[in-house]
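[1] everything below, folded, please.
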Amino acid sequence: MAVAGILLLAGSVLAAPQPELQELFKASRTPGERVVAYPQGTPEMRVYRVRLPVGAVIPLHTHPSPVVVVVTKGAMTNVRLVDGIEVVSVIRPGDGFLEGHPDEPHYVTNRGPEPAEAMVTFASAEGLPNMIPMK
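    A predicted model of the protein is given here:
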């Protein structure tokens, strides 16, 4: 009887739903083809939900650490300066981009007809700011 109970228990474990993993984004270079570098110090991961109403702008800036942005709603326009040339990318839900090089200042705006949202993850270090505004 005990063996039958163990077999039934094992069968239910085997029949349990399995986790599903879906890679959302992977990169080692920015859209401007620069390799990001990790900062020195005590590592600190930060995750934010960023919402951009229509017409909103995150002003020109850089990041002192790698930043992964995955758009979840609407569309975000990422405008970067690569070797003095303005490069524009529109990122839609399910797509993402990597930032984190001091020679690639950029700004993000919502030029679409609806609010945009993204999950933003900073691979930073304790005490570092998330972004450095440019003048």
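[2] could you use CA atoms for every contact and neighbour count after this?
    Fine.
[3] where does pLDDT dip in the protein?
    Scanning the chain for pLDDT under 70 picks out 1-13.
[4] and the helices in it?
    Counting by DSSP state H, the segments of the chain that form helices are 2-14.
[5] how about the strands in it?
    43-52, 57-62, 67-73, 76-82, 85-91, 96-99, 106-109, 116-125, 132-133 (DSSP state E).
[6] need those strands in JSON lines (columns: distance to Glu20 and mean neighbour count).
    Converted to JSON lines, those look like this (distance: least, CA to CA, whole Å; neighbours: other CA atoms under 10 Å):
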{"stretch": "strand 43-52", "distance to Glu20": "21", "mean neighbour count": "14"}
{"stretch": "strand 57-62", "distance to Glu20": "34", "mean neighbour count": "17"}
{"stretch": "strand 67-73", "distance to Glu20": "19", "mean neighbour count": "21"}
{"stretch": "strand 76-82", "distance to Glu20": "27", "mean neighbour count": "20"}
{"stretch": "strand 85-91", "distance to Glu20": "25", "mean neighbour count": "14"}
{"stretch": "strand 96-99", "distance to Glu20": "20", "mean neighbour count": "22"}
{"stretch": "strand 106-109", "distance to Glu20": "32", "mean neighbour count": "20"}
{"stretch": "strand 116-125", "distance to Glu20": "19", "mean neighbour count": "21"}
{"stretch": "strand 132-133", "distance to Glu20": "37", "mean neighbour count": "14"}
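[7] need the ones you listed in TSV (columns: distance to Pro31).
    Conversion of these to TSV gives the following (distance: least, CA to CA, whole Å):
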stretch	distance to Pro31
strand 43-52	20
strand 57-62	14
strand 67-73	12
strand 76-82	9
strand 85-91	9
strand 96-99	7
strand 106-109	11
strand 116-125	16
strand 132-133	19
